[in-house]
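**Q** Predicted model and sequence below, questions to follow.
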Amino acid sequence: MPEYLSPGVYVEEVSGGSKAIEGVSTSTAAFLGETKRGPVEPRLITNYGDFKRIYGGSPRSSHLETALHGFFQNGGSRCYVVRVTADGRDDVGRTRLTGGGDREVMEASAAGPGHWAKSTAVIVNDDAQYEEGKNEYFEVAVRHWDADPAAISDPASADPEPAPQIEETYDSLTPEPSSSNFYEKKLAGSLLVEVEQLDDGRPDSGVFWLSSDAEAPTGSDTTDDGGDDSDDDDPAAEIPDDDELDDLKYNELQDLAEPFDIDRSQKKDELLAALKEVRDARTDGGAVAQAATQEVSLSDYQGSDITGQRTGLAALKERDDVSIVCVPDENEIRGLTEAVVTHCENMGDRFAVLSAPRDAGRVSEIDTPVDSQYAGYYYPWIEIKHPTTNTDELVPPGGHVAGAFARNDNETGIHGAPANMVLRGALDLQHNITKGEQDVLNPKGVNCIRSFQGRGIRIWGARTTSSDPEWKYINVRRLFLFVEQSIEEGTQWAVFEPNNRDTWARVRQSVSNFLETAWRDGALMGTSPDEAFFVNCGEETMTQDDIDNGRLICEIGIAPVKPAEFVIFRIQQWTEEASP
């Protein structure tokens, strides 16, 4: 209660009654998979270019890159990327930069674990403002190649051979922590390295390669002396040049691809492109080939659940704004599909987009892998143009479908079924599904992607994988997720408020206003709000024991809109003398 102790005028602000509930976002997705480099913590990106810049793409063994490209192509606007790797979180390349002799003054470590870091160099030079004895200005260039350092000629020059895949430059740096140009502050936005000051002073000029054992600087030039004969043990060295490779038969290409993590059942053009990528990116020591054979496991996808060090699916527990989860390579690891769906069920605020395996078998044998109201299952695979190689490639449809989910949420609303929508970027289907085949698949909860003459390739199903008829449709499940999460976040003000009739009335009013808006937007059935929903909060929902134990209980019922899955027109003959 306010105190009035002295005469005067008191102006007070009072609450106006109910508090508005704002609808949460429903189109933020999360993708998990292998990438060429980058951090293992979830990183929000808003376009395909961000993914290429931060992660460098994905290896040929992964469909993550094409899934993300399809997501943004189909209307997605933001998503989290969670890099999955077989390397330990602490297996990070690093180097210590020396200054003023052998004194270590700065440490640079890779932005994420993996073999990619050994091809990253921190190049230090004097800045244009540098004056010996007067200041300590210097500049740093961070360069990354998809090649071994021994294969790079003059890495510190303006035009190294080959050119780096990514380069970052920072000038006018100083070792003074109080300065706005302090190098820790300036390099904080680097996509390749993280730096830490170890001692006073600036680092000496030179080239410092990241490595797992923190090697000393190598100098300003690194060349191949021709004395390394490790090609003898490198299977990538057996891949011939383009002319000879193009002349090989399909079975010979398959034999050549056996030592690598490459899908040998793909088309000849795709297999050729995969072999050329391994050959062109290989290192003299075979590090790329070695990295390709280090397969990730189910535990890598599940991740570490240690506070402050979460990775994989466990890291997504900290991202409350995620509403769609997609793992493009889910069928490559036994148990991964179940792990993804279990994550969505435990979180209770997100939906999994699943894809059938490439070789799903006969139509009569295809079934959903899980029984869950938190997942949708899509078949068959689609053919696209790979965004990097520009070759035709069969990919799982999950990423493209997730983008269609986001487009549907923005154009129609989450209450609309994400079906009868053109799948952008799909050039063809792995198999053309007939009506008779879908008659078998649809009752099982398998959502088909079909091609219609003159109407393109469309998503032609809107069911969850649940056997519970109450949660048969995807839009119903996702609408409830939207309503539940919106009410949860929009009524946080009620916690620790007096548990009395005034608070009950304000809660009722807030929830009713939110649901009435949803009804006016077409998300709920009924010709009036009374037919669309009810909200009860008061003595009819709580006992004295509930009140004594601090429980405020509000009961809500809504009538969701169901999709017109079967549109039926009954036609009969009619004559002038007869009436229907």
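**A** Received it, and whenever you're ready, just let me know what you need.
**Q** going forward, measure contacts and count neighbours with C-alpha atoms only.
**A** OK.
**Q** excluding its backbone neighbours, what's nearest Asp127?
**A** Closest residue to Asp127 in three dimensions, ignoring its sequence neighbours and counting by CA to CA, 6 or more residues apart in numbering: Phe138, at 4.2 Å.
**Q** got the contact list for stretch 463-470?
**A** With CA atoms under 8 Å, 6 or more residues apart in numbering as the test, stretch 463-470 has contacts from 368, 370-377, 442, 444-447, 471-474.
**Q** show me what contacts the residue nearest to Asp127?
**A** Neighbours of Phe138 in contact, by CA under 8 Å, 6+ apart: 124-128, 130, 171-174, 202.
**Q** Got a PyMOL select line for the buried ones in the contacts of stretch 463-470?
**A** Buried members of the contacts of stretch 463-470 can be picked out in PyMOL with the line below, counting by 16 or more other CA atoms under 10 Å:
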select buried, resi 368+370+372+373+374+375+376+377+442+444+445+446+447+471+472+473+474
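**Q** taking the contacts of stretch 463-470 one by one, which sit in strands?
**A** 375-377, 446-447 (DSSP state E).
**Q** Quick one: neighbours of the residue nearest to Val440 when sequence neighbours are not counted, just the number.
**A** Closest residue to Val440 apart from its sequence neighbours, by CA to CA, 6+ apart: Ser364 at 7.0 Å. By other CA atoms under 10 Å, the residues close to Ser364 number 9.
**Q** Next, Ser364: secondary structure please.
**A** helix (DSSP: H, G, I helix; E, B strand; the rest coil).
**Q** and it, what pLDDT?
**A** Ser364 is assigned 93 on the pLDDT scale.
**Q** now Thr283
**A** Here the pLDDT value assigned to Thr283 is 42.
**Q** got it, and Ala216?
**A** Looking at Ala216, its pLDDT is 40.
**Q** now do Gly538
**A** 94.
**Q** before we move on, what about Val288?
**A** pLDDT, read off for Val288, is 44.
**Q** domains in the chain, as residue ranges please.
**A** 29-79+296-471, 94-209, 230-292, 492-580 (automatic domain parsing).
**Q** so which of these gets nearest Gly8?
**A** Gly8 sits nearest to domain 492-580 of all these, at 30.1 Å, using CA to CA.
**Q** which stretches of this protein aren't confidently modelled?
**A** Applying pLDDT under 70 to the chain picks out residues 1, 212-237, 261, 280-294, 577-580.
**Q** Identify the residues contacting the longest helix that the chain contains?
**A** Longest helix in the chain by number of residues (criterion: DSSP state H): helix 501-520. Contacts with helix 501-520, where a contact means CA under 8 Å, 6+ apart, come from 17-22, 487, 491, 494, 497, 524-525, 529, 532-538, 552, 554.
**Q** Repeat the analysis, applying 6 Å as the threshold.
**A** Here helix 501-520 makes contact (CA atoms under 6 Å, 6 or more residues apart in numbering) with 18-21, 537-538.
**Q** name the element Leu97 belongs to?
**A** In the assignment (DSSP states H and E), Leu97 maps to strand 94-99.
**Q** same for that strand, what does it pack against?
**A** The contact analysis (3 or more CA pairs under 6 Å, 6 or more residues apart in numbering; DSSP states H and E) places strand 94-99 against strand 103-110.
**Q** Sheet partners, orientation included, of the strand it packs on?
**A** When pairs are called by DSSP bridges, strand 103-110 turns out to pair with strand 94-99 (antiparallel), strand 193-197 (antiparallel).
**Q** The ones you listed: which one's closest to Leu68?
**A** Once the strands paired with strand 103-110 are compared by CA to CA, strand 193-197 is nearest, at 24.2 Å.
**Q** Can you give the distance of whatever helix or strand comes next after that closest one from its chain's centre?
**A** Counting by DSSP H and E, the element after strand 193-197 in chain order, helix or strand, is strand 206-209. Taking the mean of its C-alpha atoms, strand 206-209 sits 33 Å from the chain's own mean (CA atoms, centre = their mean, to the nearest Å).
**Q** Sort out which residues of the next helix or strand along the chain from strand 206-209 are buried, please.
**A** In the C-terminal direction, the helix or strand that comes right after strand 206-209 (DSSP H and E) is helix 242-247. Buried positions in helix 242-247, judged by neighbour count with 16+ other CA under 10 Å: Leu245.
**Q** Check stretch 264-279 too.
**A** Quick answer for stretch 264-279 (16+ other CA under 10 Å): 264, 268, 270-272, 274-276, 278-279.
**Q** do stretch 190-202 as well
**A** For stretch 190-202, by 16+ other CA under 10 Å, it's 190-197, 201-202.
**Q** Could I have the CA atoms of it written out in PDB?
**A** Only the C-alpha atoms of stretch 190-202 are listed here, as PDB (Å, rounded to 0.1, in the frame of the first residue of the first chain):
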ATOM      1  CA  SER A 190      35.200 -13.700 -36.200                       C
ATOM      2  CA  LEU A 191      33.600 -16.800 -37.700                       C
ATOM      3  CA  LEU A 192      36.900 -18.700 -37.700                       C
ATOM      4  CA  VAL A 193      38.800 -18.000 -34.500                       C
ATOM      5  CA  GLU A 194      38.400 -16.800 -30.900                       C
ATOM      6  CA  VAL A 195      41.300 -14.900 -29.400                       C
ATOM      7  CA  GLU A 196      42.500 -14.400 -25.800                       C
ATOM      8  CA  GLN A 197      45.200 -12.100 -24.400                       C
ATOM      9  CA  LEU A 198      47.900 -14.000 -22.500                       C
ATOM     10  CA  ASP A 199      50.400 -11.100 -21.800                       C
ATOM     11  CA  ASP A 200      51.000  -7.500 -22.600                       C
ATOM     12  CA  GLY A 201      52.300  -6.500 -26.000                       C
ATOM     13  CA  ARG A 202      51.500  -7.200 -29.600                       C
END
